[in-house]
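**Student:** Sequence and computational prediction follow.
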There are 2 protein chains.
Amino acid sequence: MTRHRATLFSFSLIIVAAAGLATAAAVQDKPAPAARSAAEGGSVGPRYDKDGALLLPADYRRWIFVGSSLGMSYSDGPGMGMEMFHETLMEPTAYQHFVDTGTFREGTMLALILHGSGERVPPMRRGRYATEVHGVEMAVKDSSHRPEKWAYYNFGGMAGLRTAAQAMPKESCYGCHVQHAQRDNVFLQFYTMLAEAAKVPR
Amino acid sequence: MTRHRATLFSFSLIIVAAAGLATAAAVQDKPAPAARSAAEGGSVGPRYDKDGALLLPADYRRWIFVGSSLGMSYSDGPGMGMEMFHETLMEPTAYQHFVDTGTFREGTMLALILHGSGERVPPMRRGRYATEVHGVEMAVKDSSHRPEKWAYYNFGGMAGLRTAAQAMPKESCYGCHVQHAQRDNVFLQFYTMLAEAAKVPR
């Protein structure tokens, strides 16, 4: 299946091809104890494999919630498939740094989780709720890895998550972020609670 | 202003009356160091004031994300006002207990954050995103406080958050939860990522 969609992190067409995910390993949500204690205590930054691909952090689903949307798209065209929920989570030590300083420190990681949408499950009568995870993407600030500092990664989702992902081409995401982001390549305009916590304008 | 709405936690009409919030104190998101280190390390349960009102935890906005919805309502009637985003966050040590055991231990706390909805903020062209916080509610399992174990609290929101809230009357929330909740009064059917993390059916 090929699906085109625009996401919070990316202007690009993201091709979720089942064939391309044939080698993807299922990723367990349960973090290793080491990863969890690092997230709770010290600083946590991006890690890469020997080919420079970003490793999917073990504990990203426990990061701090900063924003939510439904059906967000950067194009005016008709929707392709159902609208999805997007949730953005932020690595806790980078979150604390932003709350303290209003800046995204080197090593900042943001995860975007894309969900399907469900409705009319009792007792709900109206509205929609986020169902299965359909994709995971990540934004990472790391000038030691990319001269333009920010890079964007797509870990797939529909047919399982990859455990590592190469950065998307610069023209796929970076250009839109640098042009439209409210602060340092981050779409803070959509992250009300993060701006409020840091007492910065949005 | 009087606003009627049905929420994820509550079947009841919740009256947000500005007059009733005249004494509400603004609550800072930034947690006290003690609260944060407790959340990161040990067990965190509910705390009450001398009148038995639940104290709004200092760090609830850093709890773990478990679910999201837009415009969720338990009634078939026409909507009253704009649809709101609802996000549910779970206290981290109770989350870990649920992941490990599939049960909600005594002291489990879930926070429901209600947001307004915005659209067409560049670069988005379609969809909606969560804007300002319009309300905070909480569900707490504490059989030492309530014989029916679970109680539900409304901390207001539109005109500031209360720092403490008395439990809602049992008939307001409890009856719907005990009837419809997928597991132990919790609407796990809407919390896909929580069910997946704990490997329990949803």
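**Tutor:** The structure has been received and is ready for your questions. Source: prediction; values computed, not measured.
**Student:** quick check, residue A:94 in a strand?
**Tutor:** No - counting by DSSP: H, G, I helix; E, B strand; the rest coil, residue A:94 falls outside a strand, being helix.
**Student:** quick one: residue A:173 and residue A:44, what's the gap?
**Tutor:** Noted for residue A:173: a distance of 22 Å to residue A:44, by CB to CB, to the nearest Å. Yep, even glycine has a C-beta here, placed from its N, CA and C like the rest.
**Student:** who's more crowded, these two?
**Tutor:** Higher neighbour count among residue A:173 and residue A:44: residue A:173, with 25 against 20, using other CB atoms under 10 Å in any protein chain shown.
**Student:** wait, doesn't that one sit right on residue A:154?
**Tutor:** No - the pair formed by residue A:173 and residue A:154 falls short of the contact definition of CB atoms under 8 Å, at 9.2 Å.
**Student:** I'd like the average pLDDT over stretch A:148-162.
**Tutor:** Along stretch A:148-162, the predicted confidence averages to a pLDDT of 92.
**Student:** typo on my end, stretch A:194-202
**Tutor:** For stretch A:194-202, the per-residue pLDDT averages 89.
**Student:** ok but residue A:175 is inside a helix, no?
**Tutor:** Yes - per three-state DSSP, residue A:175 lies within a helix segment.
**Student:** What residues of stretch A:154-168 count as buried?
**Tutor:** A:154-158, A:160-165, A:167-168 (16 or more other CB atoms under 10 Å in any protein chain shown).
**Student:** likewise stretch A:60-70?
**Tutor:** So for stretch A:60-70, counting by 16+ other CB under 10 Å, buried means A:60, A:61, A:62, A:63, A:64, A:65, A:66, A:67, A:68, A:69, A:70.
**Student:** Farthest-apart pair in the residues you listed, please.
**Tutor:** A:62 and A:70 (22.8 Å; CB to CB).
**Student:** show me which of the buried residues of stretch A:154-168 neighbour chain B.
**Tutor:** Taking CB under 8 Å from any CB of the partner chain as the test, chain B is in contact with none of the buried residues of stretch A:154-168.
**Student:** Mind pulling up the pLDDT for the closest residue to residue A:164 other than its chain neighbours?
**Tutor:** Among residues not flanking residue A:164 along the chain, residue A:53 sits closest, at 3.9 Å (CB to CB, 6 or more residues apart in numbering or on different chains). pLDDT, residue A:53: 97.
**Student:** My guess is residue A:187 contacts residue A:180. True?
**Tutor:** Yes - using CB under 8 Å, residue A:187 is in contact with residue A:180, at 7.1 Å.
**Student:** chain center to stretch A:189-198: distance?
**Tutor:** Centre-to-centre, stretch A:189-198 and its host chain are 16 Å apart (CA atoms, centre = their mean, to the nearest Å).
**Student:** Repeat that for stretch A:191-202.
**Tutor:** Distance, centroid of stretch A:191-202 to centroid of chain: 18 Å (CA atoms, centre = their mean).
**Student:** again with stretch A:107-123
**Tutor:** How far stretch A:107-123 lies from its chain's middle: 11 Å, per CA atoms, centre = their mean.
**Student:** Can you find the helix or strand of chain A with the lowest average pLDDT?
**Tutor:** The weakest-scoring helix or strand in chain A, judged by mean pLDDT, DSSP states H and E, is helix A:33-40 (a mean of 42).
**Student:** Geometrically speaking, which residue is the centre of chain A?
**Tutor:** The C-alpha lying nearest the average C-alpha coordinate of chain A belongs to residue A:112 (CA atoms, centre = their mean; 2.2 Å).
**Student:** per-residue confidence for that one?
**Tutor:** 96.
**Student:** That one should be in a strand, yeah?
**Tutor:** Yes - under three-state DSSP, residue A:112 falls within a strand.
**Student:** wait, it sits on residue A:134?
**Tutor:** No - using CB under 8 Å, residue A:112 is not in contact with residue A:134; the gap is 11.2 Å.
**Student:** Who are the contact partners of residue A:121?
**Tutor:** By CB atoms under 8 Å, 6 or more residues apart in numbering or on different chains, residue A:121 lies in contact with A:129, B:189, B:190.
**Student:** quick check: longest strand of chain A.
**Tutor:** The longest strand of chain A (DSSP state E) is strand A:126-141.
**Student:** quick one, the helix or strand following it and strand A:126-141 angle?
**Tutor:** Sequence-wise, the next helix or strand downstream of strand A:126-141 (DSSP states H and E) is strand A:150-157. Between strand A:150-157 and strand A:126-141, the angle comes out at 130 degrees (axes from the mean of the first three to the mean of the last three CA atoms, to 10 degrees).
**Student:** What is the distance between strand A:150-157 and the centre of its chain?
**Tutor:** Worked out by CA atoms, centre = their mean, strand A:150-157 lies 7 Å from the chain centre.
**Student:** Could you do stretch A:68-75 as well?
**Tutor:** Counting by CA atoms, centre = their mean, stretch A:68-75 is centred 13 Å from the centre of its parent chain.
**Student:** How about that stretch and chain B, any contact?
**Tutor:** Yes - interface with chain B: stretch A:68-75 contributes A:68, A:69, A:70, A:71, A:72, A:73, A:74, A:75 (CB under 8 Å from any CB).
**Student:** Let me see the mean pLDDT of that stretch.
**Tutor:** Stretch A:68-75 comes out at a mean pLDDT of 86.
**Student:** can you give me the strands in chain A?
**Tutor:** So, for chain A - with DSSP E - the strands run A:54-55, A:64-73, A:85-90, A:109-118, A:126-141, A:150-157, A:160-161, A:164-165.
**Student:** before we move on, back to that, residue A:187 and residue A:180: who's more crowded?
**Tutor:** Taking other CB under 10 Å, residue A:187 and residue A:180 do not tie; residue A:187 has more neighbours (25 against 16).
**Student:** And the contacts of residue A:121, which is closest to residue B:49?
**Tutor:** Among the contacts of residue A:121, and counting by CB to CB, the member closest to residue B:49 is residue B:190, at 30.6 Å.
**Student:** on that earlier part again, tell me what angle the longest strand of chain A forms with strand A:109-118.
**Tutor:** Using the same axes, to 10 degrees, the direction of strand A:126-141 lies 160 degrees away from that of strand A:109-118.
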